[in-house]
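Chemist: I need the structure of the sequence given here:
(one chain, ligands or ions: 1)
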Amino acid sequence: MAKLYFRYGAMNSGKSTALLQAAYNYEERGQTVLLAKPEIDTKEADRISSRLGVTRPVDFLVRPEDDIRAIFAQHRARVHAEAESTLVPENRDVACLMIDEAQFLTREQVDDLLRIVVLDGVPVLAYGIRTDFQTHAFPGSRRLMELAHSLEELKTICRCGRKALFNARLVGGRFVFNGDQVAIDELSSERVTYESMCAECYLRESGGLLG
Ligand SMILES: [Zn+2]
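Modeler: Model (predicted):
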C-alpha cells in the first residue's frame, strides 16, 4: 500500500538533505524517483540544495495553478517509456514522488498528492516547513497535516539548546513579527533571514506576540 508521508520541521532542520538522501537510497537499488518543488521558492530556481553542498535539479516545478496529478502522470509515462529495456520489471515504474518546500503547495495540490498515492498507487514523500514566521501553518502544510498517512518531525535546535518549533524572521538583522507570509528577498532593500527558535525564545523576542 502506497502512503503519503509528510516530513516537516522548522527551517534548517535538514529537510532537503533528508530528501536527497532518500532519493539516493531508492536510486542505489536501481529504482526511479521523481523530484518536484513549487515554483514560488526562488532561492535555487529549479534545484534542490542541501546545506551540506549536495544539489540536483528537480524533474518538474509546480506553479499554483498547475494540475500536479496530470504533470506527474506525464512524467510517469516518460519513465515507463525510457525504462522498457530495464531488466527488472519492478524498476520500470516511478518508485516515489518527492516534493521539497511542500508548504507552498495549494490545498488542492495536496489533495491531488493523496490521489496520486491512493488512486495511482505511487508513494509521495513531502518535505516542508510547518509554520510561517507568525507561527501560522502554511496552506500546504496544514492540508498535509490533515491528509498524510505518516507524519514525521525533523528536528533542529534553538540557540538555547531546546528543540526549535518556530521560524522567526529577521530583516536586516532585526526581528520582525509583521509582514507577508512569504518574504521575497529581492523585493526588500534589507536581507531577510530566519532563525529557528523554541517557543520560549520566540515569545521573548516577540514580546509575547504569536502573530
Ligand atoms: Zn530557545
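Chemist: now the strands for this protein?
Modeler: Taking DSSP state E to define them, one finds strands in the chain at 4-9, 32-38, 47-49, 55-57, 60-62, 94-99, 124-129, 150-153, 166-171, 174-176, 192-197.
Chemist: leaving out chain neighbours, which residue sits closest to D132?
Modeler: Counting by CB to CB, 6 or more residues apart in numbering, the nearest residue to D132 once its immediate chain neighbours are dropped is Q181, at 4.8 Å. In this view, the C-beta of every residue, glycine as well, is placed from N, C-alpha and C.
Chemist: look up how far the ion lies from E108.
Modeler: E108 sits 36 Å away from the ion when distances are taken as CB to the ion, to the nearest Å.
Chemist: quick one: contacts for that residue?
Modeler: Counting by CB atoms under 8 Å, 6 or more residues apart in numbering, E108 makes contact with nothing.
Chemist: that older thread, and the strands of the chain, which is most packed in?
Modeler: strand 124-129 (a mean of 26; mean count of other CB atoms under 10 Å).
Chemist: mean confidence score for that strand?
Modeler: Taken as a whole, strand 124-129 has an average pLDDT of 97.
Chemist: same deal with stretch 141-154?
Modeler: In this model, stretch 141-154 has a mean pLDDT of 98.
Chemist: who in this structure is up against the ion?
Modeler: For the chain, the residues in contact with the ion (CB under 5 Å from the ion) are C158, C160, R162, C198, C201.
Chemist: take those and lay them out in a markdown table including neighbour count.
Modeler: Putting the residues of the chain next to the ion into a markdown table (neighbours: other CB atoms under 10 Å) gives the following:
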| residue | neighbour count |
| --- | --- |
| C158 | 20 |
| C160 | 11 |
| R162 | 13 |
| C198 | 19 |
| C201 | 19 |
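Chemist: which of the residues you listed fall in helices?
Modeler: Where the residues of the chain next to the ion overlap with helices, as defined by DSSP state H, the overlap consists of C201.
Chemist: would you format the residues of the chain next to the ion as CSV with pLDDT and distance to L35 included?
Modeler: Supplementary listing: the residues of the chain next to the ion in CSV, determined by pLDDT from 0 to 100; distance: CB to CB, whole Å:
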residue, pLDDT, distance to L35
C158, 98, 30
C160, 98, 35
R162, 97, 32
C198, 98, 31
C201, 98, 34
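Chemist: thinking again about what came up before, make JSON lines from the strands of the chain and add distance to L20 to it.
Modeler: JSON lines is the format used below for these (distance: least, CB to CB, whole Å):
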{"stretch": "strand 4-9", "distance to L20": "13"}
{"stretch": "strand 32-38", "distance to L20": "9"}
{"stretch": "strand 47-49", "distance to L20": "6"}
{"stretch": "strand 55-57", "distance to L20": "7"}
{"stretch": "strand 60-62", "distance to L20": "17"}
{"stretch": "strand 94-99", "distance to L20": "9"}
{"stretch": "strand 124-129", "distance to L20": "10"}
{"stretch": "strand 150-153", "distance to L20": "16"}
{"stretch": "strand 166-171", "distance to L20": "21"}
{"stretch": "strand 174-176", "distance to L20": "31"}
{"stretch": "strand 192-197", "distance to L20": "20"}
